[in-house]
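Novice: Got a sequence here, can you build the structure:
(2 chains, ligands or ions: 2)
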Number of protein chains: 2
Amino acid sequence: MARQGRLEDTMFLTTFLHDEAKHTEMFSRWQQAVGVGDLDLSAYHNDSYKRIFYEALPEAMERLYTDDSPEAVIRAAAVYNMIVEGVLAESGYYSFRQIYKKAGLFSGILQGIDYLNMDEGRHIQFGIYTIQRLVVGNEERFKLFHDYMDELWAHAYGVVEYLVGLAVLQREQSNVESRIVFEPDMMRQYAVKQFHIRKSKIDRARKYKNLSELEAAAGP
Amino acid sequence: MARQGRLEDTMFLTTFLHDEAKHTEMFSRWQQAVGVGDLDLSAYHNDSYKRIFYEALPEAMERLYTDDSPEAVIRAAAVYNMIVEGVLAESGYYSFRQIYKKAGLFSGILQGIDYLNMDEGRHIQFGIYTIQRLVVGNEERFKLFHDYMDELWAHAYGVVEYLVGLAVLQREQSNVESRIVFEPDMMRQYAVKQFHIRKSKIDRARKYKNLSELEAAAGP
Ligand SMILES: [Fe+2]
Ligand SMILES: [Fe+2]
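Specialist: Ligands and ions are numbered 1, 2, ... in the order given. Okay, the predicted model is just below:
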């Protein structure tokens, strides 16, 4: 963005990065506080998770160091803003909220996640804006976006399915009466819904012939 | 920093970038407010300025995309934190403050610069910390740092000399009685002093044999 002289975008991205650092610190402090600071979370990283977080995400982001073509930017925003933030994180926070709000547990981190969701809303919106301005009036790039989203979806759903499955298993094997209730299907459906919302948001740019029309419609 | 797993540094750098964006916005808003929003400031960029801001700074920073060797990091921190922030920006704010505080003008932006200076203090300190931890116990890298600083100094002083000279010229050619007074030598001397302070701060790391000793002395 900086290389392309997009100063406003670059400045916005500094707030974006700073938000992410604050989220990192928030979860880290919470993990320390509840006594799971040393837990190795990589135990929860299945192959789908690895495909997205160890490969697709860093590859797409690192490519931007040397390639700021529309294709590279669309792919980076698709995996970061649409899949990781827009589907996985949103679904995770939704599930967490569903489970622990009902159980009356973890009110502090739930409040923190509410704040974090406001930040994430801006991040996802920036991703939508960035992709829309690059695909508008260009059928080839619309296709590029949707194809890549579909390719990533298999893995994204693999993450959701795996974590929901783990929770089901844990419940079945537990002998302890628990306040915690959760509905696996609701979580799966929420993720599916998020995926389709992200795709359809980008498709809204089809209403416009070109960037000036899109910007005129969005503009102040 | 991220590639090296230096999470705390990476997180700090997000606040650093966000600070710089806020400073950009502050000066931009001020320029709009006082009616010089459309002024082309590149008229003030002499060859020395261009050598630093068009060449040395972007070269050193962009190198970090692909090269995070100690040499690359030392050079980047030297030009960004020690020369641009530590000498040029500090001297500029000092002069601005000297001139306009005495004249009782621009109290708003002077207050803004005071806030900005607190941010810059953190930035420069991060640069000192970063260079110190890389040069400690390594005479070759101390030399690398000082040689590069000396090389940049010619151009940095060229910027100061040019701007002070412009101000002198403007005063000589003006027929208007002005509240504005300034002392060219004080500004030159301030820049020289800043340069030597930055170099001597790094030399403080000579007191320690290695990184652990340095960190033990700095540590919490
Ligand atoms: Fe985010
Ligand atoms: Fe700075």
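Novice: so residue A:215 is in which element?
Specialist: helix A:211-218 (DSSP states H and E).
Novice: Residue A:92 versus the most centrally placed residue in chain A, what's the distance?
Specialist: The centre of chain A sits closest to residue A:85, judged by Cα atoms, centre = their mean, with a distance of 1.2 Å. Distance of residue A:85 to residue A:92, computed by Cβ to Cβ, to the nearest Å: 10 Å. C-beta: built from backbone N, CA, C; applies to glycine.
Novice: ok, back up a step: and the residue nearest to the centre of chain A, how far from chain B?
Specialist: Computed with Cβ to the nearest Cβ, to the nearest Å, the distance linking residue A:85 and chain B is 16 Å.
Novice: That residue touches residue A:126, doesn't it?
Specialist: No: using Cβ atoms under 8 Å, residue A:85 is not in contact with residue A:126, being 9.9 Å away.
Novice: What is the burial count for the residue nearest to residue A:53 when sequence neighbours are not counted?
Specialist: Among residues not flanking residue A:53 along the chain, residue A:45 sits closest, at 7.2 Å (Cβ to Cβ, 6 or more residues apart in numbering or on different chains). Residue A:45 is flanked by 15 other residues according to other Cβ atoms under 10 Å in any protein chain shown.
Novice: and if you look at residue A:25?
Specialist: Going by other Cβ under 10 Å, the residues that sit close to residue A:25 add up to 13.
Novice: can you give me phi and psi for the closest residue in space to it that isn't next to it in sequence?
Specialist: Leaving aside its sequence neighbours, residue A:25 sits nearest to residue B:11 (Cβ to Cβ, 6+ apart; 6.8 Å). As for residue B:11, its main-chain torsions (degrees, to the nearest 10) stand at phi -70, psi -40.
Novice: List the buried residues in the helix or strand that contains residue A:50.
Specialist: According to DSSP H and E, residue A:50 maps onto helix A:47-50. For helix A:47-50, the neighbour count (16 or more other Cβ atoms under 10 Å in any protein chain shown) marks A:48, A:49 as buried.
Novice: ok, now stretch A:71-89?
Specialist: A:71-89.
Novice: Kindly report the same for stretch A:203-215.
Specialist: By neighbour count on 16+ other Cβ under 10 Å, the buried set for stretch A:203-215 is A:205, A:208, A:214.
Novice: can you redo those residues as CSV with distance to residue B:173?
Specialist: Below are the buried residues of stretch A:203-215 laid out as CSV (distance: Cβ to Cβ, whole Å):
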residue, distance to residue B:173
A:205, 56
A:208, 54
A:214, 51
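Novice: any chance of those in CSV, plus distance to ligand 1 and pLDDT?
Specialist: Output for the buried residues of stretch A:203-215, formatted as CSV (distance: Cβ to the ion, whole Å; pLDDT from 0 to 100):
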residue, distance to ligand 1, pLDDT
A:205, 22, 97
A:208, 27, 97
A:214, 23, 95
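Novice: Let me know the average pLDDT across the longest helix seen in chain A.
Specialist: Taking DSSP state H as the criterion, chain A has its longest helix at helix A:139-173. Helix A:139-173 shows an average pLDDT of 95 in the prediction.
Novice: Point me to the residue of chain A nearest ligand 2.
Specialist: In chain A, the residue that lies nearest ligand 2 is residue A:14 (11.7 Å; Cβ to the ion).
Novice: Can you tell me how far that residue is from residue A:8?
Specialist: 11 Å.
Novice: Also residue A:151?
Specialist: Distance, residue A:151 to residue A:8, using Cβ to Cβ: 31 Å.
Novice: Verify the contact between residue A:90 and residue A:116 for me.
Specialist: No: in this structure, residue A:90 is not within contact of residue A:116 by Cβ under 8 Å, at 10.9 Å.
Novice: And for residue A:11, the neighbour number?
Specialist: For residue A:11, the count of nearby residues is 20 (other Cβ under 10 Å).
Novice: Check the gap between it and residue A:148 for me.
Specialist: Residue A:11 is 27 Å from residue A:148, by Cβ to Cβ.
Novice: what are the ranges of the helices in chain A?
Specialist: Under DSSP H, chain A gives helices at A:7-33, A:47-50, A:57-63, A:70-77, A:90-103, A:107-135, A:139-173, A:184-203, A:211-218.
Novice: In terms of pLDDT, where does the closest residue to residue A:7 other than its chain neighbours sit?
Specialist: Sequence neighbours aside, residue B:24 is the residue nearest to residue A:7 in space, at 7.6 Å (criterion: Cβ to Cβ, 6+ apart). Model confidence at residue B:24, given as pLDDT, is 96.
Novice: surely residue B:24 meets residue A:11?
Specialist: Yes: contact criterion Cβ under 8 Å: residue B:24 and residue A:11 qualify, at 6.4 Å.
Novice: picking up where we left off before, next, work out how far apart the residue nearest to residue A:7 and residue A:36 are.
Specialist: From residue B:24 to residue A:36 the distance is 40 Å (Cβ to Cβ).
Novice: Please state the backbone phi and psi of residue A:36?
Specialist: Taking degrees, to the nearest 10 as the convention, residue A:36 sits at phi -120, psi 30.
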